[in-house]
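>>> return a 3D structure for these sequence lines:
(2 chains)
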Number of protein chains: 2
Amino acid sequence: MSGSSVPAGEGAAPRVVIVGAGFGGLSAARALRRAPARVSVVDRSNHHLFQPLLYQVATAALSPADIAVPIRQVLRRQANTEVLMAEVVGLDLAGRRVLTSQGALPYDFLILATGAHYNYFGHDGWERHAPGLKSIADATSIRQRILIAFEKAEVESDPARRRDLLTFVIVGGGPTGVELAGAIGELAHTALASDFRHISARMARILLLEAGPRILAAFPEDLARGARKALGRLGVEVRCGAVVQGVDEDGVVVGGERIGSKTVVWAAGVAASPLGRWLGAEMDRAGRVKVGSDLRVPGHPEVFVIGDLASCAGENGAPLPGVAPVAMQQGRYVARVIATKVRGAQVDHAPEPFHYRDQGNLATVGRKFAIADFGRIRLSGFLGWVVWLVVHIYKLIGFRNRLLVLIQWAWAYMTFQKGARLITTLQPEVGSPGAGAAPGTGPAPPAG
Amino acid sequence: MSGSSVPAGEGAAPRVVIVGAGFGGLSAARALRRAPARVSVVDRSNHHLFQPLLYQVATAALSPADIAVPIRQVLRRQANTEVLMAEVVGLDLAGRRVLTSQGALPYDFLILATGAHYNYFGHDGWERHAPGLKSIADATSIRQRILIAFEKAEVESDPARRRDLLTFVIVGGGPTGVELAGAIGELAHTALASDFRHISARMARILLLEAGPRILAAFPEDLARGARKALGRLGVEVRCGAVVQGVDEDGVVVGGERIGSKTVVWAAGVAASPLGRWLGAEMDRAGRVKVGSDLRVPGHPEVFVIGDLASCAGENGAPLPGVAPVAMQQGRYVARVIATKVRGAQVDHAPEPFHYRDQGNLATVGRKFAIADFGRIRLSGFLGWVVWLVVHIYKLIGFRNRLLVLIQWAWAYMTFQKGARLITTLQPEVGSPGAGAAPGTGPAPPAG
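Coordinates of the predicted model:
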């Protein structure tokens, strides 16, 4: 279709285009609901994802729909806003247009919030064997890998191959890596403990590899030490100073040693989405766009970059962390700046610089341990977990999700069960000749 | 691995192999929990599926995990039973072995319960364009097709193409087709009603095509007529005597007329799983194995066939319908027969013939209308829907599922929302250049 035919709302109000409906983009869109502007939210996915809980989908504790809401549903009552499910394929800064798979979107103000993914440090070939955890598709495919590894181990007679099937390697000792490792440990030692006849899920070996001197570098040392102990109790082996030198279908190579594993998950490094490059602006080593204190792109006062895509210095001069609260506060800040302008303020009037209010930092290990860092106040253990639970329930967008997730957690907590242990498609790796067969064909039950 | 290394339980007790963990196979397995036998349940999937509600996953009302439970979880406490996730690739009747992708399984008694899929009446090429609804993978891919059709229509400027995108065709006027059509009508007229800016979801045209003289042939005529009226209220157009002559990516051809549609779902006909052929036994036109009144395969007293795979005459001589209650009762019956034998009864002692206790027949149209046929008692409308709801909640295996599904339904009922409206992978059909990109790469937000 032609670009002009992509609707950008009626009337003559200024057009604001937001690329990305993550925490940053969605916060900006919602904060613009009363602004005299025509807002377009572009995302290649139809849903906003509550990413901090994605690891729970990957470990079968939650269903995708529990942590995702359709973007249209969130913004349906916002008359000045439209949602476009499309892939952004380029930027026309001179012509002030965003080029998408569905045509071009003209803008007066542009907010880029396309986030980041994991960084394979130049070894993009590793991604096939060690997927990252960013989308629901990632989570369900990692869930599939983990569950199938146990299924294959159950029928594997060769001890070495069985050991590799029951070895799970997580690369990256940040919050995601720690939470994922803890959840896999829990899955192996509780939910699956009595499900198999020929293996004990307790035979599972879970390795968390961190290149740095310690895990959870963003947390105070004492809290990180507590988290490491808690991981140990769940059977997770933590290795620091472990730089990955190779990844293939048979495992990883660390410090010259090969570790055989059929399930490797990547949670290391940060690489901003390539969108930044099209800006031609200065970027940091992770590909984040260096923005001013007003989150504008130098030379383009009408273009803002927020969230994981932005490299923005905090009070102490260090760049702000790539966490949801930063993205959300930046989204609301940018929305305020734009709303002020479209309400007729001088375009060259310089807004107050963005100030990040740190609300603290949380990470959980399994179902009864978490660490919480609120500056002076530090919590650890069960109390920390309760705080973590309350905060996450509260932050989940949409009452329905909160309620359902709470019930699932309560149930999982009482029964040690995991509710979403589904292998939805039989992968060729299962060594099944019928794997490629069309659904319903071949010797499978209706339930197949 | 070698066949012998496939574990079939310890000890010298007779070996019972059950192929398929649908309603029939799982009922048989549970009924054998106290029998002095070593039971192996083989399924190519890791979960038992509550198929009567699969259409609700396809229409975004429920998540896959709400209607599926891991087979291992259901049977975990059953010490004499093991679960094998494998594809059956052949039968060695002389050697009494089931050949699977994971090796051979020797048996003393064999229960075949691999069910049926839809029948494309020789036009298997149609399946690509008109998928059936049998597995969770089917359901999520149909959900994806439906949601993407609305997304594409929202940005489509050509009226004809937009009309085709908003035309949904369901082939087959049985319970599945009727329930699916009703659910799509509801989705279009409630959940999506106010989500789009450039189309009205009410523009959606939903066509239910039935080759026979009327829909719901298994129900009394007056109930079927009521269901048809209810479908009309949801905007579903029912055409009877409509034989499909062609299906392609652009729609269907019916009675010489081409109906443009980008979303065609197949719910017509029954074709038993090919497993039956390997028996070399007599089959009916649908490929179901003709079994005696004791559900044994003629000439093979140690082989039983149950559920949709079996063609078994009822009291009136007509073959029993392919519904869950038949399969479950047959599963329990066969388990009783086998348990009696392994407890030492004469092998040539002929058991009581199988007798099906008809518990009635239910079908629902949308969220407040259903028909219920209990012989003398017939219900229709909201009361029928309440009965339908109670019956289905009750029958869902596992308390957790029951509770969650009830809450989701209550929520959907109060808010008209659909909770699982997720497009988890961007399909090439969306015409997105980035569709094939690896997760996390390309200009997409973390939530993408």
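>>> burial measure for the closest residue to A:T100 other than its chain neighbours, as a count.
Using Cβ to Cβ, 6 or more residues apart in numbering or on different chains and skipping the chain neighbours, the partner closest in space to A:T100 is A:A86 (4.0 Å). To be clear about C-beta, it is placed using only N, CA and C from the backbone, and glycine gets the same treatment. A:A86 has 26 neighbouring residues, counting by other Cβ atoms under 10 Å in any protein chain shown.
>>> just the pLDDT for A:A86.
Here, the pLDDT recorded for A:A86 equals 93.
>>> before we move on, what about A:S2?
Reported pLDDT for A:S2: 38.
>>> which helices and strands sit right next to the helix or strand hosting A:A153?
Element membership for A:A153 (DSSP states H and E) is helix A:136-154. Contacts defined by 3 or more Cβ pairs under 8 Å, 6 or more residues apart in numbering or on different chains; DSSP states H and E place helix A:136-154 against helix A:54-58, helix A:159-165, strand A:263-266, strand B:81-85.
>>> which residues are in contact with the shortest one?
By that I understand strand A:263-266. A:58, A:118, A:120, A:126-127, A:129-133, A:142, A:145-146, A:149, A:165, A:167-172, A:180, A:247, A:251-252 (Cβ atoms under 8 Å, 6 or more residues apart in numbering or on different chains).
>>> give the pairing partners of the helix or strand where A:V238 lies; include direction for each.
Assigning secondary structure by DSSP H and E places A:V238 in strand A:236-239. As defined by DSSP bridges, the strand partners of strand A:236-239 come to strand A:205-209 (parallel).
>>> could you list the low-pLDDT ranges of chain A?
By pLDDT under 70, the weakly predicted segments of chain A are A:1-11, A:345-349, A:397-404, A:408-419, A:424-448.
>>> does chain B have contacts with stretch A:101-108?
Yes - using Cβ under 8 Å from any Cβ of the partner chain, stretch A:101-108 reaches chain B at A:101-103.
>>> which of those sits closest to A:A204?
Using Cβ to Cβ, A:S101 is the member of those that sits closest to A:A204, with 41.9 Å.
>>> I'd say that closest one and A:V89 touch.
Yes - counting by Cβ atoms under 8 Å, A:S101 does reach A:V89; the two are 6.0 Å apart.
>>> quick one, which of those two is more surrounded?
Set A:S101 next to A:V89 and count neighbours by other Cβ under 10 Å: A:S101 wins out with 20 against 17.
>>> you'd agree A:L84 is up against A:S45?
No - in this structure, A:L84 is not within contact of A:S45 by Cβ under 8 Å, at 11.6 Å.
>>> hmm, stretch A:175-184 in reach of chain B?
No - if you take Cβ under 8 Å from any Cβ as the test, stretch A:175-184 misses chain B, and the best it gets is 11.3 Å.
>>> what about that stretch, distance to the chain center?
Counting by Cα atoms, centre = their mean, to the nearest Å, stretch A:175-184 is centred 13 Å from the centre of its parent chain.
>>> do the same with stretch A:168-178
With Cα atoms, centre = their mean, you get 13 Å for stretch A:168-178.
>>> helices along the stretch 251-400 of chain A, start to end?
Assigned by DSSP state H, counting those that start in this stretch, the stretch 251-400 of chain A shows helices spanning A:324-342, A:382-395, A:399-415.
>>> who's in contact with A:A281?
So A:A281 contacts A:289-290, A:297-300 (Cβ under 8 Å, 6+ apart).
>>> and the buried ones among those, selectable in PyMOL?
To isolate the buried ones among the contacts of A:A281 in PyMOL, judged by 16 or more other Cβ atoms under 10 Å in any protein chain shown, type:
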select buried, chain A and resi 289+290+297
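>>> right, I'll leave it there.
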